[in-house]
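Q: can't give you the sequence, but here's the structure:
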């Protein structure tokens, strides 16, 4: 059964945010982690910038630019999603 739209979970319920941990899943325990501290990972490609929401960040890097998860995380989705592993 699918819940009504008003009862749908928000992205942060599973993914969490920098200030609020996820309440539905523990992605870290499942192996979905950043490969280093956020400041280190982000500095790989650009200088210090303000942190947007998860959906905005994901949309820019994965949806728009086609970068693989492995740029920032300890896992990859390159093969199954046709993402780039190099710039």
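A: Received it, and whenever you're ready, just let me know what you need. Given the structure is predicted, the values throughout are model-derived calculations rather than measurements.

Q: so which elements touch the helix or strand of the chain at the bottom of the mean pLDDT ranking?
A: Least confident helix or strand of the chain, by mean pLDDT, DSSP states H and E, is helix 11-15 with a mean of 80. For helix 11-15, the packing partners by 3 or more Cβ pairs under 8 Å, 6 or more residues apart in numbering; DSSP states H and E come out as helix 54-58. (Each C-beta comes from the backbone N, C-alpha and C, glycine too.)

Q: these two touch, right, residue 14 and residue 27?
A: Yes. In terms of Cβ atoms under 8 Å, residue 14 counts as a neighbour of residue 27; the distance is 7.3 Å.

Q: picking that back up, can you point out the buried residues in the least confident helix or strand of the chain?
A: 12, 15 (16 or more other Cβ atoms under 10 Å).

Q: list the buried residues in the helix or strand just after it.
A: Following helix 11-15 in sequence order, the next helix or strand is helix 38-43 (DSSP states H and E). In terms of neighbour count (16+ other Cβ under 10 Å), helix 38-43 has its buried residues at residue 42.
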